[in-house]
Each structure stands twice: as structure tokens, then as C-alpha cells.
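J.: Here's my sequence, what's the structure:
(chains A and B)
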Amino acid sequence: DAKTTQPNSMESNEEEPVHLPCNHSTISGTDYIHWYRQLPSQGPEYVIHGLTSNVNNRMASLAIAEDRKSSTLILHRATLRDAAVYYCIPNQAGTALIFGKGTTLSVSS
Amino acid sequence: DAGVTQSPTHLIKTRGQQVTLRCSPKSGHDTVSWYQQALGQGPQFIFQYYEEEERQRGNFPDRFSGHQFPNYSSELNVNALLLGDSALYLCASSLVGADYGYTFGSGTRLTVV
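T.: Sure thing, here's the model as predicted:
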């Protein structure tokens, strides 16, 4: 499994963009890059995933470096409900997700 | 559309006892994975079931076992409970071959006293 490095914590203000970085230098060529988040007292929630190209959905955008050794999850306008632990997970299709420690995002009003 | 359903939501057991946790996957999903999450830690993968077989296993002792039924629901069994087994147990479901993510339940909080 590819090892990931994420900052332990990050802070943001409401309505501002948030860029959550992740290094995954040992990622294999067939691993997708998944992002999940876990709100307090809930199970993890799928956010977004991609392979090589940048991806957008209603929740966030995912920017993937050209060499795929890093990626950045972008929340365009943070809200208080975005306060959560965010996990970056390289994952081969069909295999289980292996979680690291993630980044705890705090959002202030 | 119901998501992943886990039961019970909370459970208190005594050391040495056995426990069974249950999971119903999201409609249309055929693969179930189980995770253990200690307080302040990320979820740790226990095992994954597909077509009623254990397909992948994490670094957990044989005290942890599971089963998947023909309707894709699953059970997690833990024997000879230890105090360290106290944790939130999460179930996640997915559809094999599908290019979208896993759906997680809200978990079962197990306390071993």
C-alpha cells in the first residue's frame, strides 16, 4: 500500500477556499487517489477520486500532480459543516481502503 | 434509498465474551468491508467479503471472523473480547468493478469492560 503524508491539522475561515495537500510518492500506476472525510460521530464519507486528470464534483475538486506523487483536495468555499478529518487514500480498484491519520480541518466563522 | 445499516448502534460486553455485529449494505452493493476505529485514530481495515468469501484481510488476529450471506449482508464476530477491542466498528459497502466510492455506515460503538 502506498504511504501517504498529510498535515495533521489545518484551519480555515468560512467562505474561504481550502487546499488540503497529500503526498503519495510511492503510489502505483494503477492506484486511484481517493479522498474521504469523517465528520464527528459519523462514518467516513466519500468526497472525490481520480486517476490522472483533475476532477470536479459538487463537493470538491481534486488536483493531481503530473507525476501523481501528490494531490490536493480543494474545497472552494468552506462552511462550518466542512469541519472534519480528511483522508487521502491511494487505492487499487477492487481492494479495501487503507486509512492513514488524515488531516483535521477546523473552520471558523 | 437506504445506505449502509449497522446494528446495534451501541453495545457493552465483558472481557472474554463474544460479540456479533451486523451490517446491511447499500442497495445494489455486493462487497462489504469491516473497519475498527479506536478513539482519535483512523479506521483500521479488518477484512472484506465478496461472494460470501473473505477476499482480503488486514492485520487482525483470528479472534476476528466474519460472514457474508447470500443477500450480501454481513456479520463481524469477535471472540474472547479484550479491553483493547473497545472501538467504533464500521461497515462499508461497494459494488465490485464500479468506479465509485465506498459507502460507510455510522458504526457500532463497542465497549468492553
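J.: partners of the residue nearest the centre of chain B in the sheet?
T.: Of all residues in chain B, the one closest to the mean position by C-alpha atoms, centre = their mean is residue B:34, 3.2 Å from it. Here residue B:34 sits in beta bridges with residue B:47, residue B:91, going by DSSP bridges.
J.: Correct me if wrong: it contacts residue B:89.
T.: Yes. In this structure, residue B:34 is within contact of residue B:89 by C-beta atoms under 8 Å, at 6.7 Å. Quick note: C-beta positions are derived from backbone N, CA and C, even for glycine.
J.: residues bridging contact with these two, i.e. touching both?
T.: residue B:76 (C-beta atoms under 8 Å, 6 or more residues apart in numbering or on different chains).
J.: re the thing from before, from residue A:11, how far out is the residue nearest to the centre of chain B?
T.: Distance, residue B:34 to residue A:11, by C-beta to C-beta, to the nearest Å: 33 Å.
J.: At the contact with chain A, which residues of chain B appear?
T.: Residues of chain B found near chain A (C-beta under 8 Å from any C-beta of the partner chain) are B:4, B:33, B:35, B:41-45, B:48, B:56, B:58, B:90, B:92, B:96-97, B:99-107.
J.: Next step: these restricted to strands.
T.: Applying DSSP state E to these, the entries found in strands are B:33, B:35, B:44, B:45, B:48, B:56, B:90, B:92, B:103, B:104.
J.: doesn't residue B:71 fall inside a strand?
T.: No. The assignment for residue B:71 by DSSP: H, G, I helix; E, B strand; the rest coil gives coil, which leaves it out of any strand.
J.: From chain A, how far out is it?
T.: 21 Å (C-beta to the nearest C-beta, to the nearest Å).
J.: Low-confidence stretches in the chain?
T.: Chain wasn't specified; assuming chain A. A:1 (pLDDT under 70).
J.: oops, I was thinking of chain B
T.: B:1, B:98-99.
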